[in-house]
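Peer 1: Quick one: sequence and predicted model below, then my questions.
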Amino acid sequence: MYCVSRFNAKALEIGKNPNSLLNIGLDILGIGSASSNNYYVQIFTSDKDARPWEMVIDNQLSQARPKEYVGYLAKSRTEYYSIVPVTKMEIKGKPGNILAGSIGFEFRDAQGRSVAAVSFINRGMVFLGKSSAEERFLLANACTALLLQDVIE
């Protein structure tokens, strides 16, 4: 796993191909264009696979507009997860909204199903859905990377 934190993505080009899925997505979505608090991660899931999974999160935008923000963990146009801020939590057994920002992230598969989540409250916690060992390994690494981004700074 390789990580870069707190960078401005205005002039960012990830990898050798400026027309890669991730670079085009960054341009179209405007991710990082106004923020200097971006987080980029590469996750290698096997020795045989030369292409890593890539994750990009704009921490500033995800806190400023948590209901609209979407980050991505992607390997190709068909292999990806959307990452959305968590803005609700259970308080004394009842669901409730937090006042501002988010308390973590939820990972959703291409069909929009929740497959994992990471909470930043207290020391952090990771929640993994039932899936294959390979998918759980990928999502556990992505969640761990999100928990460790403050340490990486």
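Peer 2: It's in. Quantities reported herein were computed from a predicted structural model and do not represent experimental measurements.

Peer 1: got the residue ranges for the strands in the protein?
Peer 2: Using DSSP state E, the strands of the chain run over 2-7, 38-43, 53-58, 71-74, 80-86, 88-91, 94-97, 104-108, 114-119, 125-128.

Peer 1: which residue sits closest to F137, ignoring its sequence neighbours?
Peer 2: Leaving aside its chain neighbours, F137 sits nearest to T45 (6.4 Å; criterion: C-beta to C-beta, 6 or more residues apart in numbering). (C-beta placed from N, C-alpha, C; glycine too.)

Peer 1: Would you agree the one you found is in contact with L73?
Peer 2: No. Distance between T45 and L73: 11.4 Å, which falls outside the contact criterion (C-beta atoms under 8 Å).

Peer 1: Can you pick out the residue with more neighbours from the two?
Peer 2: Between T45 and L73, L73 has the larger neighbour count (other C-beta atoms under 10 Å), namely 24 against 16.

Peer 1: Pretty sure the more buried one sits against A142.
Peer 2: Yes. In this structure L73 lies within contact range of A142 using C-beta under 8 Å: 5.4 Å.

Peer 1: list residues touching both of those two?
Peer 2: I43, W53, M55, Y81, F107 (C-beta atoms under 8 Å, 6 or more residues apart in numbering).

Peer 1: Let me know the closest of the residues you listed to P66.
Peer 2: The shortest distance between P66 and any of the shared contacts of L73 and A142, using C-beta to C-beta, involves F107 and amounts to 15.3 Å.

Peer 1: Let me see the contact set for the closest one.
Peer 2: L73, Y81, S82, I83, S114, V115, A116, A117, L139, A142, C143.

Peer 1: Could I get the contacting residues of E79?
Peer 2: By C-beta under 8 Å, 6+ apart, the contact set of E79 is W53.
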